[in-house]
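Asker: I would like to see how this sequence folds:
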Amino acid sequence: MALGIDLGASKLRMTYAVATPEGPRIEAVTSRERSDDCSDDWIATMLDEMRADLGARTRSCSMALGSEEATVDAMTLPDLSYRDRLDVANIEAQRRYPDWKSRLIRLFPTQVAGSFALVTAQSSAILQRKRIVAKAGLRLSMLGIEGMVWNRFSSRSTAVVDIGTSSTRIHTADRGIPRVTCYPVGGRAVTREMARELSIDERSAERRKRILGSAGSGERIIGALATWIGERFDPSESALQEQVLLVGNGSRLPEIRRLLADRIPQRAWLAACNEFERSRYPEDIRRAAFSDWAFSIALASIGERQS
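Answerer: Okay, the predicted model is just below:
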């Protein structure tokens, strides 16, 4: 049993996964809206309430650092001792990151001989997660990195397109090293454009978007976003193959899905996963909600496999 916790920009999400002979099964999911400036104490209180709502019989949880809090770079090293490799990794981190003293630095082998993943993570972000978990009465069993979590979870696909609140990220992997490409436009930009065009406040625009989709408004932002995503999928790019996992709250807009299907027809756009298909939720709920819950589902599934 494991909990997956996604500390999103606009929403907290928690997924409860249990073990079955076929693999992890999603037992329940819950979420809470959050503001940009909410305190760690408030988040911890919400997580405690959410665990109670789920009826979870575990306090073990998995979380992740975002791409703005942790980095993964490829390194090729000769046959050295572990200590010598770590010394080289520290020198490389000092060269790449001016704030290297405030980062935790680790080196992990990849599937390719002589190739390593240089991982650096902001110490303050790690401590924040630990404080929140402790205040919520939970136990942190895994603290991953966003790109590496998607890389482990989305084995059926070679890319994950995550249309979030403030940005859109495309996650891929090259010989086991996660790569992320970011575009500073997400669902919030669509909401603001709708509010401007319709002369309504953003809260009303967000409510309208959730019920009706864009309904003809916000098309300039939606079109630009779909174009940017489409340009990242060059048919000649060998690292990207047939299947793409489309996630994030912003990806639920029908207009986005239609434009992506039109502009990148050679891709199979996945909108579900085996772990969620085995849940007790009806199919229509699974299809409608997966993109929003996907990252907490990924964290819970990986955490359950490791428990």
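
Asker: Export stretch 97-113 to PDB, keeping only CA atoms.
Answerer: The C-alpha coordinates for stretch 97-113 follow below in PDB (Å, rounded to 0.1, in the frame of the first residue of the first chain):
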ATOM      1  CA  TYR A  97      25.400  25.500 -11.200                       C
ATOM      2  CA  PRO A  98      26.500  28.700  -9.400                       C
ATOM      3  CA  ASP A  99      24.300  27.700  -6.400                       C
ATOM      4  CA  TRP A 100      25.900  24.300  -6.100                       C
ATOM      5  CA  LYS A 101      26.600  24.700  -2.400                       C
ATOM      6  CA  SER A 102      22.800  24.700  -1.800                       C
ATOM      7  CA  ARG A 103      22.200  21.500  -3.800                       C
ATOM      8  CA  LEU A 104      22.400  17.900  -3.000                       C
ATOM      9  CA  ILE A 105      24.500  16.100  -5.600                       C
ATOM     10  CA  ARG A 106      24.200  12.400  -6.500                       C
ATOM     11  CA  LEU A 107      25.500  10.200  -9.300                       C
ATOM     12  CA  PHE A 108      23.600   7.200 -10.600                       C
ATOM     13  CA  PRO A 109      24.600   4.600 -13.200                       C
ATOM     14  CA  THR A 110      22.400   4.200 -16.300                       C
ATOM     15  CA  GLN A 111      21.700   1.300 -18.600                       C
ATOM     16  CA  VAL A 112      24.700   2.300 -20.800                       C
ATOM     17  CA  ALA A 113      28.200   1.300 -19.600                       C
END
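
Asker: which residue ranges form the strands in the stretch 101-250 of the chain?
Answerer: 103-109, 115-122, 139-145, 159-163, 168-174, 177-183, 243-247 (DSSP state E, counting those that start in this stretch).

Asker: Mind giving me the packing neighbours of the first one?
Answerer: Contact here means 3 or more CB pairs under 8 Å, 6 or more residues apart in numbering; DSSP states H and E; on that basis strand 103-109 packs against helix 82-96, strand 115-122, helix 123-135. For glycine as for every other residue, the C-beta is placed from the backbone atoms N, C-alpha and C.

Asker: Go through those and pick out the most buried.
Answerer: strand 115-122 (a mean of 20; mean count of other CB atoms under 10 Å).

Asker: quick one on the thing from earlier: just so I know, which of the helices and strands packed on strand 103-109 lies nearest Met148?
Answerer: strand 115-122 (8.1 Å; CB to CB).

Asker: returning to that earlier point: would you turn the strands of the stretch 101-250 of the chain into CSV with mean pLDDT?
Answerer: Output for the strands of the stretch 101-250 of the chain, formatted as CSV (pLDDT from 0 to 100):
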stretch, mean pLDDT
strand 103-109, 88
strand 115-122, 91
strand 139-145, 95
strand 159-163, 89
strand 168-174, 87
strand 177-183, 89
strand 243-247, 84
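
Asker: Out of those, indicate the one that is most buried.
Answerer: When the strands of the stretch 101-250 of the chain are scored by mean count of other CB under 10 Å, the highest mean neighbour count falls to strand 159-163 (a mean of 26).

Asker: In TSV: the strands of the stretch 101-250 of the chain, plus distance to Glu202.
Answerer: Below are the strands of the stretch 101-250 of the chain laid out as TSV (distance: least, CB to CB, whole Å):
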stretch	distance to Glu202
strand 103-109	36
strand 115-122	30
strand 139-145	32
strand 159-163	18
strand 168-174	19
strand 177-183	21
strand 243-247	23
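
Asker: right, so of those, which gets closest to Ser307?
Answerer: Nearest to Ser307, of the strands of the stretch 101-250 of the chain and by CB to CB, is strand 139-145 at 6.8 Å.

Asker: How far away from the center of its chain is the closest one?
Answerer: 14 Å (CA atoms, centre = their mean, to the nearest Å).
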